[in-house]
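Engineer: missing the sequence, but the structure's below:
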């Protein structure tokens, strides 16, 4: 009867909450603080650092040993949600207390080995078994119940494993966005349960916990979806969800562990190794391709980073009392996302059947025979994301709207390649032009309104891609001092933040229009600093043009330091100087004549599409001068 009473209380509380939150202010701009809108606090110049210090006082409950169990499900609850709640509570207790937590993977193993119900409906005997095997002093468990619409009821309890006495209890209703989003409801539960256990949060700790962390929440949701998918036998879905968890929070040790284990298994070709029939094995991989396409359609392997430390661009317009404000922004490829894709490619290669099955062009080209729904990224090799941004002051007034288009160069991949190389990082500036000085306040709110037309709320709910703040001051993003466009909407396409660093290797062929008439060059560039690089290489020359000479060759090792100016994502011009030492030899019928020359070089050239290099070099030893014109292939690897 007690359980039914608790559920009745939860239903009433949830209905009351739903009634309270269904109304809104009639005017102004109100930003949701539950994580459903992607936003961050910003300021002109350097944003003040958040308060720091201890998150809890006293011993933090270091003598408590706690096992957190996934809550029992009641009603139509998404399958991953109990595991997500369990994970976020584990994360919160680990960060905001010194409570000793039982590792979830060990806990899952014990529950599986002891054949204990995994539904969350634990018996007293189950608690005794788990307690004996884990030496847990307390258990945290409860229920998550679907009420109606997006409303849920959450009940959590902490019970002494030896006496059965309840030490703490939490009951509250809320929406799915409060369970996810910033994890508001679970953060409130954490604070309440810790307090009942005698763990006191400091002011900084309480503020930090209640503020939430959307990246941690998305990581826990991805991890939970992965665990649920793996338990259901869906390895590929699990792989990509673990990948999503790592993308949002690289510090998630459990996600890393699970991803590494599963990735190693898949990269070993295990998707179809237990299937004897060749057709069934091929179909198994086709299903994996379809799942891969579906996942990357919903979660592109890129991350958007925006800098809350806003900058003034150009001079203040004292006549209009306005200023132009800029925000640095970047688009980075997800290491975890492309890593998961390469794990699949490696596993496919390990089968030894890739070409026989007609999969040579996957993931960016159709399989043979063509099968719908298998081509990842719809075959695109470059990507473009339009980011719409709003700037809101402390009075909830929108003082600027702008947009920027971040466009990548092409992915490096060819049919039969064993690895897909992601494009370089991209960076740019969002310009808010003609912002009224009277509207500026000490702090501003930066709102990511949409990405490629997907609203902020939908981006947050779906975990479309990781969007977070970061310090981009050192990314060498080009800033124009004369921004143009209206103060309401402006769109621009920007270059890669790393485009100015040109790392490459290449070969070329050319001539000096004298000895040597034919020149083959091997070269490489090293670019530790932007807008310049060190070029190292050697020329091998033949054909002297002298009638009496039976044979001629020259070897010219050289080093040049040049300045490099990219003028598009994959094009650039360079000019510089250096030198080298020529070792040449003429062979005549009666003798061989060696020629050794120390020379200085002046060089310039143009690079097109990160692959075609056309160059001219003037070479002199101050007694005579020579020229070299060459054209060749360059492979840019960074």
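Structural biologist: That came through, no problem. The structure presented is a predicted model; accordingly, all values stated were derived computationally and were not measured.
Engineer: pLDDT weak spots in the stretch 101-250 of the chain?
Structural biologist: Along the stretch 101-250 of the chain, the parts satisfying pLDDT under 70 run over 113-124.
Engineer: how about a cut-off of 90?
Structural biologist: Scanning the stretch 101-250 of the chain with the threshold set as pLDDT under 90 gives 102-137, 148-150, 160-165, 176-178, 180-182, 211-215, 230-240, 243-250.
Engineer: Show the backbone phi and psi for residue 315.
Structural biologist: phi -100, psi 160 (degrees, to the nearest 10).
Engineer: number of nearby residues for it?
Structural biologist: Using other CB atoms under 10 Å, residue 315 has 10 neighbouring residues. Backbone N, C-alpha and C define where each C-beta goes, glycine included.
Engineer: Which residue ranges of the stretch 51-200 of the chain form helices?
Structural biologist: Using DSSP state H, counting those that start in this stretch, the helices of the stretch 51-200 of the chain run over 81-96, 104-113, 124-134, 176-179, 184-196.
Engineer: downstream neighbour of the helix or strand where residue 562 lies in the secondary structure list?
Structural biologist: Using DSSP states H and E, residue 562 sits within strand 551-568. Downstream of strand 551-568, the first helix or strand assigned by DSSP H and E is strand 571-587.
Engineer: Quick one: name whatever helix or strand follows that next one.
Structural biologist: Heading C-terminal from strand 571-587, the first helix or strand you meet, by DSSP H and E, is strand 592-608.
Engineer: Partner strands of the helix or strand following that next one and their direction?
Structural biologist: With elements assigned by DSSP H and E, the helix or strand that comes after strand 592-608 is strand 612-620. Note on strand 612-620: by DSSP bridges, its sheet partners are strand 592-608 (antiparallel), strand 625-636 (antiparallel).
Engineer: in the last one, what's buried?
Structural biologist: Going by neighbour count (16 or more other CB atoms under 10 Å), the buried part of strand 625-636 is 626, 628, 630, 632, 634, 636.
Engineer: For the fifth one, give me its contacts.
Structural biologist: With contact taken as CB atoms under 8 Å, 6 or more residues apart in numbering, residue 634 is in contact with 504-506, 607, 610-613.
Engineer: Residue 528: neighbouring residues, count only.
Structural biologist: Residue 528: 9 surrounding residues under other CB under 10 Å.
Engineer: How about the secondary structure of it?
Structural biologist: Using DSSP: H, G, I helix; E, B strand; the rest coil, the structure places residue 528 in coil.
Engineer: Quickly note the distance from it to residue 503.
Structural biologist: Distance of residue 528 to residue 503, given as CB to CB, to the nearest Å: 9 Å.
Engineer: next one: residue 377
Structural biologist: Distance from residue 377 to residue 503, counting by CB to CB: 25 Å.
Engineer: More neighbours: which of the two?
Structural biologist: Neighbour count, other CB under 10 Å: between residue 377 and residue 503, residue 377 has more, with 18 against 15.
Engineer: pLDDT score for that one?
Structural biologist: pLDDT recorded at residue 377 is 93.
Engineer: SS state for it?
Structural biologist: helix.
Engineer: so how far is residue 335 from it?
Structural biologist: If you measure residue 377 against residue 335 using CB to CB, the figure is 17 Å.
Engineer: What of residue 250?
Structural biologist: According to CB to CB, residue 250 and residue 335 sit 9 Å apart.
Engineer: With residue 519 instead?
Structural biologist: According to CB to CB, residue 519 and residue 335 sit 40 Å apart.
Engineer: Those two - which one has more neighbours?
Structural biologist: Counted by other CB under 10 Å, residue 519 and residue 335 do not tie: residue 519 has more neighbours, with 21 against 15.
Engineer: For that one, which residues are in contact?
Structural biologist: Residue 519 makes contact with 509-512, 539-541, 628, 630, according to CB under 8 Å, 6+ apart.
Engineer: Of those residues, which belong to helices?
Structural biologist: Of the positions in the contacts of residue 519, not one sits in helices, assigned by DSSP state H.
Engineer: Can you flag the buried ones in those residues?
Structural biologist: Buried members of the contacts of residue 519, scored by 16+ other CB under 10 Å, are 510, 512, 539, 541, 628, 630.
Engineer: For residue 404, list each beta-bridge partner.
Structural biologist: residue 387.
Engineer: ok, how many other residues are close to it?
Structural biologist: The number of residues near residue 404, taken as other CB under 10 Å, comes to 23.
Engineer: Likewise for residue 177?
Structural biologist: When neighbours are counted by other CB under 10 Å, residue 177 registers 18.
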